[in-house]
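Colleague: can't give you the sequence, but here's the structure:
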């Protein structure tokens, strides 16, 4: 049994209930979005049109909880440690499994998470990953059907030299958000340092640091919320799905 | 007016009716597939599952013939030099425009073409592009709904050193098939050198050459044909759609 399979089994059996951040780092982690088939086309087109924020790793067949390509044998109803449930565009709770919410019309989308490239940055000596911020920008995504909203970004602070290394490295990780979408002045993309949606508020960027911004996997969830999506199930924040895909091989499949 | 816009206008006005191979090389060329909305979801999932063969650049909204992201102002019903029409999985003719076949349910898929990376190979001195073969392999694609079939590949012959350069370069062109899917022995992927679907039959690979294989954009058309797709409109072979995307910038968007 691989480390990825063991992790999923532990989650399935309720022995692993905590976050997956900096865990099982050799494997690609995915964000989960479950929607009814009736909304799946518009959502998939939305992901295609906003691929840096929504890099699709796999779409399951309606009703099939098994991600047959990236984790054969897994069950997306039980193999995440924690799920978030949204109703009519608002968070309605969390759960340890979603067996009762899954229907023959359920379609699961697995979207690459930046947790994979964080490990690559660490290996290259870019120690900017202990503190990651997330911000809503003023940059609109390209809508598809009812799905629309502004881009959400993560921000990491690093030296200018590290910013160049980070751009080089993450460029390869096309299924986990790829290269940065912005570097430097946060105001250019409408980021308010005082109002992060994740992380502590900042007064300004320290003079010896460069702010580097990547498209964030929260963007499609935000779009589903903005659209008032009737029912959407996702991973709980920080509780990703561990795929069988090797982070370093999956760079460009 | 850019060179890309001028090319599209010439096609729209019937002044350009020939192939686009080695033309307007600074711009990404796309393969066109038009399907009814009722088949669009399965086809888009098929493309996602087989992304190296089917790299989606844009999906238009149903009934909208304008590719608003990659070529604003263009009209996909008139701005290709030549179209192919398939009915019930068989070729039923060609046409210079498809105004009469376009309906409010028509969805256009634009898929990246390897014509973009051919120019990059030429610039790097890999002179293997004057002769390109296409073969059906024994490698099955991952099905989605009714769409299924085997992978189609292009083959280029080059020196071993050039094969390495070609792998490095094309890796960057992720929206135009990216890195090779195979190198060396054609038999490993079921390629019969004596029976190409494009190019002249070969007895064997010359001893000083390495065969390098890329996923081919004919694969999704082949899948639609295999599925007996009722109506499908595509570009005619060698007559691509010229987008506004710059080949060298679009490598990893």
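Modeller: That came in fine, so what should we check first? Model, not experiment: these values are computed from the prediction.
Colleague: Please, which helix or strand holds the residue in the stretch 1-150 of chain A that chain B sits nearest to?
Modeller: Distance from chain B to each residue of the stretch 1-150 of chain A (CB to the nearest CB) is smallest for residue A:41, at 4.3 Å. Where you see a C-beta, it was placed from the backbone N, CA and C, and this is true even at glycine. Taking DSSP states H and E as the definition, one finds residue A:41 inside helix A:37-49.
Colleague: What of residue A:117?
Modeller: Going by DSSP H and E, residue A:117 is part of helix A:115-123.
Colleague: Can you give the distance of that helix from its chain's centre?
Modeller: Distance of helix A:115-123 from its chain centroid, counting by CA atoms, centre = their mean, to the nearest Å, is 14 Å.
Colleague: shaky segments in chain A?
Modeller: Scanning chain A with the threshold set as pLDDT under 70 gives A:128-130, A:250-253.
Colleague: Would you map out the domains in it?
Modeller: A:3-116+A:227-246, A:123-219 (automatic domain parsing).
Colleague: contacting residues around the residue nearest to the residue of the stretch 1-150 of chain A closest to chain B when sequence neighbours are not counted?
Modeller: Nearest residue to residue A:41, sequence neighbours excluded (CB to CB, 6 or more residues apart in numbering or on different chains): residue B:41, at 4.3 Å. Going by CB atoms under 8 Å, 6 or more residues apart in numbering or on different chains, residue B:41 touches A:40, A:41, A:44, B:145.
Colleague: Compare those residues and tell me which has the most neighbours.
Modeller: Ranked by neighbour count (other CB atoms under 10 Å in any protein chain shown), the contacts of residue B:41 have residue A:44 at the top, with 26 neighbours.
Colleague: And the strand or helix carrying residue A:233, what does it pack against?
Modeller: Using DSSP H and E, residue A:233 falls within strand A:231-235. Identification of packing neighbours for strand A:231-235 by 3 or more CB pairs under 8 Å, 6 or more residues apart in numbering or on different chains; DSSP states H and E yields strand A:27-36, strand A:83-87, helix A:218-226.
Colleague: Tell me which residue of chain A is furthest from the middle?
Modeller: residue A:207 (29.7 Å; CA atoms, centre = their mean).
Colleague: Counting neighbours, which bits of the very next helix or strand once past the helix holding residue A:117 end up buried?
Modeller: Proceeding N to C from helix A:115-123, the next assigned helix or strand is strand A:133-140, under DSSP H and E. By neighbour count on 16 or more other CB atoms under 10 Å in any protein chain shown, the buried set for strand A:133-140 is A:133, A:134, A:135, A:136, A:137, A:139.
Colleague: same thing with stretch A:153-162?
Modeller: By 16+ other CB under 10 Å, the buried positions in stretch A:153-162 come out as A:153, A:154, A:155, A:156, A:157, A:158, A:162.
Colleague: Equivalent analysis for stretch A:171-181, please.
Modeller: A:171, A:172, A:173, A:174, A:175, A:176, A:177, A:178, A:179, A:180, A:181.
Colleague: hmm, back to that, turn the buried residues of stretch A:153-162 into a markdown table, including distance to residue B:222 and secondary structure.
Modeller: Listed next are those as a markdown table, based on distance: CB to CB, whole Å; DSSP: H, G, I helix; E, B strand; the rest coil:
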| residue | distance to residue B:222 | secondary structure |
| --- | --- | --- |
| A:153 | 39 | strand |
| A:154 | 40 | strand |
| A:155 | 44 | strand |
| A:156 | 43 | strand |
| A:157 | 49 | strand |
| A:158 | 46 | strand |
| A:162 | 46 | helix |
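Colleague: need the contact list for the residue nearest the centre of chain A.
Modeller: Closest to where the C-alpha atoms of chain A average out (CA atoms, centre = their mean) is residue A:217, at 3.4 Å. By CB under 8 Å, 6+ apart, residue A:217 lies in contact with A:31, A:53, A:54, A:111, A:112, A:113, A:114, A:177.
Colleague: part of a helix, is the fourth one?
Modeller: Right, residue A:111. No: secondary structure assignment (DSSP: H, G, I helix; E, B strand; the rest coil) places residue A:111 in strand, not in a helix.
Colleague: what is it paired to in the beta sheet?
Modeller: Counting by DSSP bridges, residue A:111 is bridged to residue A:31, residue A:56.
Colleague: Residue A:106 is in contact with residue A:59, isn't it?
Modeller: No: Residue A:106 is not in contact with residue A:59 according to CB atoms under 8 Å; the separation is 11.7 Å.
Colleague: Would you mind listing what in the stretch 101-250 of chain A touches chain B?
Modeller: A:142, A:144, A:171, A:174, A:178, A:179 (CB under 8 Å from any CB of the partner chain).
Colleague: so who does the nearest residue to the first one once chain neighbours are set aside touch?
Modeller: I take that to be residue A:142. Using CB to CB, 6+ apart and skipping residues adjacent in sequence, the residue nearest residue A:142 is residue A:49, 4.1 Å away. Counting by CB under 8 Å, 6+ apart, residue A:49 makes contact with A:141, A:142, A:143, A:144, B:58, B:59, B:69.
Colleague: Generate a ChimeraX selection restricted to the buried subset of these.
Modeller: Selecting only the buried entries of the contacts of residue A:49 in ChimeraX, with 16+ other CB under 10 Å as the criterion:
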select /A:141,143,144 /B:58,59,69
